[in-house]
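Engineer: Please work out how this folds:
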Amino acid sequence: MFQALLQYWYGFLIALILGSVLTLLLRKKFKGLVKDVMSRAPLIRRYWFFVIIFSLLTTGVYVLVLLFAPVSELNTYINIVGQVTALVFAIFVGYFAFLQVIENRIDKLQDEGYTHFKAKDYSRATKIYEQVFSINTKNFSALSNLLELYLCQRDFEKVKSKLNFLEKSTLDQRDHLVVFYIKIASFILQEYPAEAKTVIIKLIDFKKNNRSLVINWQFNDIKQSPAYTSIEENFQKLFNNVTLYLQNGFSPEDLDKFEAGNYYLAGMTV
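Structural biologist: Reported below is the predicted structural model:
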């Protein structure tokens, strides 16, 4: 076996050189491919992660077989490895196909729930998003919309009960901004100024380290709800200023005032 490898050493050398050259030439494109894959849905990322790991492990097994299997039984070992790897791969492909069906179902439910949310059919939208939550408790987008629906209906106990799930589902810094928003909005809509101030201070500390970070959010969904229109004007102004801060919408002068504690920007502090 080793004699055969030594006999064709030049082939391995040529393959190594060609592989190195191709890697250097395609490095930028490869980085772009990796970035593209990572920007896709979590299920697709997990699938390609599995494919890469599986391919590397399979290659390693074949190399071990070529190096250590008796020459007389080499074909037998290769056939066994081929059948086992094909079976394992088929099982995982089936598993990911099943997950894709579930993900498609979740996407359809989210679209339906969002339509009812925009139509201010809060009850029906809530039931749909709760169905999504029952399928996947880590879907940050659906869960954040569900909590905002609870806010629109002044169901603060349910907001509180699911905030922990939302915090555990964050994937990036923008998700943390959404968590801050939900917490602050909950206290403002309950007209709890001291509690709102505590979270706003934490938000300001967070934003100072992430100045360019903003969230793309439809704040009008709450502003058009009875939960918002029923609170006092000062709290409405506080809510509006918090949303401006989350979108980097302040002028430099107003930004300094807000971060100094003048959350109403009218000579008043919470």
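Engineer: C-alpha only now, for contacts and for neighbours.
Structural biologist: Will do.
Engineer: Is L265 in a helix, a strand, or coil?
Structural biologist: For L265, the assignment made with DSSP: H, G, I helix; E, B strand; the rest coil gives coil.
Engineer: From here on, call the first residue 45.
Structural biologist: Done: numbering now begins at 45, and the last item shifts to L309.
Engineer: Return the residues in contact with L118.
Structural biologist: L118 makes contact with V109, L110, according to Cα atoms under 8 Å, 6 or more residues apart in numbering.
Engineer: That one and A130: what is the separation?
Structural biologist: Using Cα to Cα, to the nearest Å, L118 is found at 18 Å from A130.
Engineer: where does this structure have low pLDDT?
Structural biologist: 45-87, 310-314 (pLDDT under 70).
Engineer: so the residue minimising distance to the centre of the chain, which of the three states?
Structural biologist: The centroid of the chain falls nearest to L215 when counting by Cα atoms, centre = their mean (4.3 Å). Under three-state DSSP, L215 falls in the coil class.
Engineer: Helices along the chain, start to end?
Structural biologist: In the chain, the segments counted as helices under DSSP state H are 46-51, 53-69, 71-82, 86-112, 118-162, 166-179, 184-196, 200-212, 217-233, 237-252, 264-267, 270-273, 277-290, 296-303.
Engineer: wait, which of those helices is closest to V258?
Structural biologist: helix 277-290 (5.7 Å; Cα to Cα).
Engineer: Could you name the helices and strands sitting against the closest one?
Structural biologist: Helices and strands touching helix 277-290, by 3 or more Cα pairs under 8 Å, 6 or more residues apart in numbering; DSSP states H and E, are helix 217-233.
Engineer: mind running it again at 10 Å?
Structural biologist: Applying 3 or more Cα pairs under 10 Å, 6 or more residues apart in numbering; DSSP states H and E, we find helix 277-290 packed against helix 217-233, helix 237-252, helix 264-267, helix 270-273, helix 296-303.
Engineer: Could you give the number of residues near the closest residue to V176 other than its chain neighbours?
Structural biologist: Excluding the flanking residues, the one nearest V176 by Cα to Cα, 6 or more residues apart in numbering is I150, at 6.0 Å. Residues near I150, counting by other Cα atoms under 10 Å, number 21.
Engineer: And for the one 3 residues further on?
Structural biologist: Neighbouring residues of L153 were enumerated by other Cα under 10 Å; the total is 18.
Engineer: excluding its backbone neighbours, what's nearest it?
Structural biologist: Spatial nearest neighbour of L153, excluding adjacent residues (Cα to Cα, 6+ apart): I172 at 6.4 Å.
Engineer: was I right about the one you found contacting Q154?
Structural biologist: Yes - between I172 and Q154 there is a contact under Cα atoms under 10 Å: 7.5 Å.
Engineer: Overlap in contacts, the two.
Structural biologist: H160, A186 (Cα atoms under 10 Å, 6 or more residues apart in numbering).
Engineer: for the helices and strands packed on helix 277-290, which one sits closest to I124?
Structural biologist: Closest approach to I124 among those (Cα to Cα): helix 217-233, 47.1 Å.
Engineer: re the thing from before, pick the most deeply packed of the helices and strands packed on helix 277-290.
Structural biologist: Across these, averaging neighbours per residue (mean count of other Cα atoms under 10 Å) puts helix 217-233 on top, at a mean of 20.
Engineer: the inter-axis angle of it versus helix 184-196?
Structural biologist: Helix 217-233 runs at 10 degrees relative to helix 184-196, counting by axes from the mean of the first three to the mean of the last three Cα atoms, to 10 degrees.
Engineer: ok, how many other residues are close to W261?
Structural biologist: Burial measure for W261: 12 neighbouring residues, criterion other Cα under 10 Å.
Engineer: For it, give me its contacts.
Structural biologist: For W261, the contacting residues are V222, Y225, T287, L290, Q291, by Cα under 10 Å, 6+ apart.
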